[in-house]
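[1] Here is a sequence together with a model predicted from it:
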Amino acid sequence: MANFLKKTIFKIRLAIQIAFTALSNGYVMGFLKGKIYQGPGKKLCLPGLNCYSCPGALGSCPIGSLQAVLGSPKFQMSFYVVGFFLFTGAILGRVVCGFLCPFGLVQDLLYKIPFFAKRKNMPGHKGLVWIKYVVLALMVVILPMFAVNAYGISDPWFCKYLCPSGTLFGGIPLIATNDGLQQALGGLFIWKMSVLLVLLVWSLWVYRPFCKYLCPLGAIYGWFNPIALSRFQMDKEACIDCKKCKAACPMDIPVYAKPNSAECIKCGKCLQACPTDCIEVALWAKKKDESRDSAES
Amino acid sequence: MKKHKIHPVFWLVAVCGLFFMVFGVWREEIVILYQKAIYICMECIGIG
């Protein structure tokens, strides 16, 4: 199982990314009519940054849902969405980012375009990765909870001012097909389109800049990497300290030292780059004694 | 050092997550979430 996974993980990952994006946004009539799906699926959260105003979306965005509940006058805490994060994070960690996020797929595809000289990260990368935690605390939790109007209702600050997924998957297709929405365009749309364009151009140059520096969902799932079912484990005795894992890692993680870094999106490039197979998915790892026994027999 | 295929804390977090979700459904958070999700979110798409 582990060897099969190692050899085919890139093809499997791209296929899963495309299939999951297509399936979770499979309400085709929404794109044709400029409307959104209103069925019971919207009671469930999707794991990735998938705007619930995408015409095809069959589920809800967990970050949007969290802001909606926190920004309502009735609740100060969303057990449902926090529970969803705990459960999904415990099982998948940032596998969600690497395999199940539509905006992650867009950034992956853009980075493949040979347009700019590519670089893994920005100068000051180690400091910049903390911005996503500030975005999470400020725009997803604190402002929706406390910056409320006279009726106790708050704006979804992250969705309104920063989220590129809403503009790309929700705003553009809806506005293209809905005359009423076209009449309502204004300064906010120009701002959101500017944010989206900056991120799309940035993604041509740097690998997944939104995931690395700005995504609150990635910040949340990153906390679960060390305990998730998807966690990696290192066989330190087999590691020859060649650092090929870090060289291959598009998130620029020293995998030999931090195999379950919060920045790891579980793309699997380190698994393939390792010459001694000392990085393993813990769930599928063979105990060394068992390996030796089977090799001897 | 003993290596676990499944981290011991995994079960605690996963079970807590399930309980939280059930509790959230019981106190009808899902009504607010659903109401937000079935209408076009003007802020999300940049209309305001």
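    Okay, I see it.

[2] Every contact and neighbour count from this point should use C-alpha atoms.
    Will do.

[3] Geometric centre of chain B: which residue is closest?
    For chain B, the residue nearest the mean C-alpha position is residue B:21 (6.1 Å; C-alpha atoms, centre = their mean).

[4] what's next to the helix or strand where it lies, contact-wise?
    Assigned by DSSP states H and E, residue B:21 belongs to helix B:8-26. The contact list for helix B:8-26, computed with C-alpha atoms under 8 Å, 6 or more residues apart in numbering or on different chains, reads A:78-88, A:90-91, A:227-229, B:30.

[5] burial of residue 38, as a residue count?
    Assuming you mean chain A. Neighbour count for residue A:38, taken as other C-alpha atoms under 10 Å in any protein chain shown: 20.

[6] wait, I meant chain B there
    Neighbours around residue B:38, by other C-alpha under 10 Å: 22.

[7] Figure out how far stretch A:70-88 is from the centre of its chain.
    Here stretch A:70-88 is found 19 Å from its chain centre; the criterion is C-alpha atoms, centre = their mean, to the nearest Å.

[8] wait, stretch A:47-56
    Distance of stretch A:47-56 from its chain centroid, counting by C-alpha atoms, centre = their mean, is 12 Å.

[9] okay, how far is it across it, tip to tip?
    Distance between the two ends of stretch A:47-56: 16 Å, counting by C-alpha to C-alpha, to the nearest Å.

[10] Then stretch A:56-76?
    Stretch A:56-76: ends 30 Å apart by C-alpha to C-alpha.

[11] what is the rounded mean pLDDT of that stretch?
    Per-residue pLDDT values over stretch A:56-76 give a mean of 93.

[12] Please work out the average pLDDT along the helix or strand where residue A:143 lies.
    Using DSSP H and E, residue A:143 maps to helix A:143-146. Mean per-residue pLDDT for helix A:143-146: 89.

[13] Same check on stretch A:150-161?
    89.

[14] now do stretch A:28-41
    For stretch A:28-41, the per-residue pLDDT averages 93.

[15] Likewise for stretch A:212-228?
    Mean predicted confidence for stretch A:212-228 is 97.

[16] Stretch B:27-43 too?
    The average pLDDT within stretch B:27-43 is 93.

[17] Ends of it, what's the gap?
    End-to-end distance of stretch B:27-43 (C-alpha to C-alpha): 26 Å.

[18] Need the contact partners of it.
    A:35-39, A:42-43, A:52-53, A:60, A:65, A:68-69, A:72, A:75, A:78-80, A:155-156, A:159-160, B:24, B:48.

[19] Report the contact partners of residue A:220.
    Residues in contact with residue A:220 (C-alpha under 8 Å, 6+ apart) are A:85, A:89.

[20] Relative to residue A:280, how far out is it?
    Distance of residue A:220 to residue A:280, computed by C-alpha to C-alpha: 23 Å.

[21] Quick one: residues contacting the residue nearest to the spatial centre of chain A.
    Nearest residue to the geometric centre of chain A (C-alpha atoms, centre = their mean): residue A:97, 3.1 Å. Residues in contact with residue A:97, defined by C-alpha under 8 Å, 6+ apart, are A:48, A:104, A:211, A:218, A:265.

[22] Could you do residue A:45 as well?
    Going by C-alpha under 8 Å, 6+ apart, residue A:45 touches A:59, A:60, A:61, A:62, A:65, A:81, A:84.

[23] What of residue A:278?
    Counted by C-alpha under 8 Å, 6+ apart, residue A:278 has contacts A:234, A:235, A:236, A:238, A:239.

[24] Just give the nearest non-adjacent residue to it, would you?
    residue A:235 (4.9 Å; C-alpha to C-alpha, 6 or more residues apart in numbering or on different chains).

[25] What of residue A:239?
    Spatial nearest neighbour of residue A:239, excluding adjacent residues (C-alpha to C-alpha, 6+ apart): residue A:278 at 5.8 Å.

[26] for residue A:108, same thing?
    In space, residue A:108 is closest to residue A:208, 6.8 Å off (C-alpha to C-alpha, 6+ apart).

[27] and what of residue B:17?
    Spatial nearest neighbour of residue B:17, excluding adjacent residues (C-alpha to C-alpha, 6+ apart): residue A:83 at 3.8 Å.

[28] Does that neighbour lie in a helix or a strand, and which?
    Assigned by DSSP H and E, residue A:83 belongs to helix A:79-92.
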